[in-house]
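1. sharing a model that was predicted from the sequence below.
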Amino acid sequence: MSDDEADPELLELLRQSLSVSTKPKDEISSDTGVLRDAEYIYNNAIDVHIDMYGTKAAAANIYQSMQERRYSTHAWTQVELHPKPSEGFSQLDIVNFVFTMDLLNFSFWSELSGVERYQVDYTGKHWTGYNSLLACLRRAIDDGIPITTPTYWLSGRVSDEALKNVFRSATAEQIPLIGERISILREAADVLHKSFGDLDEPVEGATEEPTAVPVDLEPVGHVDPSDAKPEVTAQDHPDTEDPENGVTLPEAAPIHPDHVHVDPVAVPSGESQSDAHEAEIVRDAAVGEPVTESPRQGEADHQASEMSIKEQQAPPRPDYSVVRLIEKADHSAGKLVNLLVKHFPCFRDETRFDRKKVRLFKRAQILVADLWAAFGGTGYGEFHDIDNVTMFADYRVPQMLHSLGVLSYSPPLYYRIQSLQPIDSEHSWEVQLRGCSIWAVELIRREILRNNADAQLNAVLIDFFLYDLAKERERAQEGLAMPHHRTRSMWY
Ligand SMILES: Nc1nc2c(c(CN[C@H]3C=C[C@H](O)[C@@H]3O)cn2[C@@H]2O[C@H](COP(=O)(O)O)[C@@H](O)[C@H]2O)c(=O)[nH]1
């Protein structure tokens, strides 16, 4: 939208105030406005630039690589810790898991080295980044804590200590923004309870039991599982550690002093949590990075876990509120995003740029995309307008777009990022980085479709692909050469 064009949202408000609107008052629009705002940011950005040659080259490379890998929504189920029907997760479980995960899907970066940073001990491996969140949720579910059941987070039902215990770390660093994460869970539970209850009443079609016949997870453009992105295993890279993917290394793996990542060490199965905790301290000492744990902290952890065990004793009944919310969207991705933003302040990822309100909606959009991918575009993942969802403006994909030569930065911004200095939340640089990333992925999408009219892709798949690529490169240690921008934000 150019400066001269009227904002359609303002126009509609004006129409409503003059009682000349043709829309029912409570109708939810399927237009999120994110793409329009991203174009506006791009048009007015002075510190972030989209290089046209870089965009064309990236589009060709991305499309070729996606074709070679037969990249599709199937990639979602290839992520080790994403829940799958084959593991006994019902459709309701998966819906609630995705909702919980995307409430909390923000800010996993650390100022600390790989050894010291926040890590989650689960399945005998140490997990970091986005995977650390998945590991927390899966570990809690394994322990019988209904962490993905919204009624469980209601104030008065579970203590902050018990919730903190779900996110407990294997190192001295805790998960970033733990206070915000707990507040977000509480707020979401209240909204669901008030706006989408009666919570306990089953909804037609939502199965509580594990799906007997797994939902068809084959996506648009079916992919044979054997063709899915190659899994990196310890055997593949015996000399590299991979906390991101929790690859377990042989116990005696040598530690290079320059290594910035921690070596994940296997915890034998059957070992109790406290045994494992002790083993962890011994391990940390063994690699010369002892984790100092004050007795007080240990006591608090112990009390918290006792409390969480007590609080688990009366498991909440199945909770269909998220299913109800999804059903209100009538299989429209745009409507679901707008519903999330309307009802839940924690999804209202909007800010101001050049005195104009701009919407970025990262977590609301990734929630819809995760549902689409988890259910292979069917059932709760069926959205007829999924192609209107934009890239999710986080801190990883912009990093990737820069390294591909799509985004370039003004000297002050480039210096700030390279020198690992944080950027304040809501700073114009942050908004430009996020808005231009959305617009850049849109230009890549258009370029691919211009050259390949029958290409089956959208901004979601391009985003997932770029995110996965960023992780692959990081694993290959190239990540050290391409820092991401650092803003401590609950939005992304
Ligand atoms: N744009 C975009 N951002 C994404 C994801 C995902 C994971 N999505 C899964 C679903 C399908 C894909 O195949 C992925 O497996 C996480 N993030 C964001 O990254 C950051 C964490 O990064 P790190 O610290 O390195 O783990 C944090 O802001 C987090 O919110 C994505 O897909 N797109």
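-> On my side now, so go ahead. Predicted model, so just to flag it, every value in this text is computed and none were measured.
2. closest residue of this structure to the ligand?
-> Gly129 (2.4 Å; Cβ to the nearest ligand atom). C-beta: built from backbone N, CA, C; applies to glycine.
3. and that residue, what's its pLDDT?
-> At Gly129, the model reports a pLDDT of 96.
4. nearest residue to it in space, please, no chain neighbours.
-> Of all residues not flanking Gly129 in the chain, Phe108 sits nearest, at 4.6 Å (Cβ to Cβ, 6 or more residues apart in numbering).
5. got it, and Arg15?
-> Spatial nearest neighbour of Arg15, excluding adjacent residues (Cβ to Cβ, 6+ apart): Ser21 at 4.0 Å.
6. count of residues packed around that neighbour?
-> As a burial measure, Ser21 scores 15 neighbours (other Cβ atoms under 10 Å).
7. would you mind listing what in the stretch 151-300 of the chain touches the ligand?
-> If contacts are counted using Cβ under 6 Å from any ligand atom, no residue of the stretch 151-300 of the chain sits beside the ligand.
8. what helix or strand is the residue lying closest to Met391 once chain neighbours are set aside on?
-> Leaving out its chain neighbours, the residue that sits closest to Met391 by Cβ to Cβ, 6+ apart is Val441, at 3.7 Å. Assigned by DSSP states H and E, Val441 belongs to helix 428-451.
9. got the buried residues for that helix?
-> 428-445, 447-448 (16 or more other Cβ atoms under 10 Å).
10. same thing with stretch 447-467?
-> For stretch 447-467, a neighbour-count test (16+ other Cβ under 10 Å) marks 447-448, 455, 457-467 as buried.
11. other residues contacting that stretch?
-> Residues outside stretch 447-467 that contact it (Cβ atoms under 8 Å, 6 or more residues apart in numbering) are 55-56, 59-60, 62-63, 65-66, 71-73, 75-76, 220-221, 369, 372-373, 386-387, 389-392, 394, 396-397, 400-401, 441-442, 444-445.
12. same thing with stretch 402-422?
-> With Cβ under 8 Å, 6+ apart as the test, stretch 402-422 has contacts from 46-51, 53-55, 57-58, 61, 398, 401, 423, 429, 432-433, 436-437, 440, 444, 473, 482-488.
13. which of the residues in that stretch are buried?
-> His402, Ser403, Leu404, Val406, Leu407, Ser408, Tyr409, Leu413, Arg416, Ile417.
14. next, give me the two most distant ones among the residues you listed.
-> Greatest spatial distance in the buried residues of stretch 402-422: Leu404 and Arg416, 20.2 Å, computed using Cβ to Cβ.
15. for Ser408, what are phi and psi?
-> phi -130, psi 160 (degrees, to the nearest 10).
16. could the buried residues of stretch 402-422 go into CSV alongside secondary structure, distance to the ligand and pLDDT?
-> Putting the buried residues of stretch 402-422 into CSV (DSSP: H, G, I helix; E, B strand; the rest coil; distance: Cβ to the nearest ligand atom, whole Å; pLDDT from 0 to 100) gives the following:
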residue, secondary structure, distance to the ligand, pLDDT
His402, helix, 14, 97
Ser403, helix, 14, 94
Leu404, coil, 14, 96
Val406, coil, 14, 98
Leu407, strand, 14, 98
Ser408, strand, 20, 98
Tyr409, strand, 19, 98
Leu413, helix, 19, 98
Arg416, helix, 18, 97
Ile417, helix, 15, 97
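17. follow-up on the earlier one: buried ones among the contacts of stretch 447-467?
-> Buried, going by 16+ other Cβ under 10 Å: 55-56, 59, 62-63, 66, 71-73, 75-76, 220-221, 369, 372-373, 386, 389-392, 394, 396-397, 400-401, 441-442, 444-445, out of the contacts of stretch 447-467.
18. which of the three states applies to Val358?
-> strand (DSSP: H, G, I helix; E, B strand; the rest coil).
19. correct me, but it touches Tyr42?
-> No: with contacts defined as Cβ atoms under 8 Å, Val358 does not count as touching Tyr42, sitting 10.9 Å away.
20. next, show the common contact partners of these two.
-> Common neighbours of Val358 and Tyr42, using Cβ under 8 Å, 6+ apart, are Gly435.
21. shaky segments in the stretch 101-250 of the chain?
-> Along the stretch 101-250 of the chain, the parts satisfying pLDDT under 70 run over 198-250.
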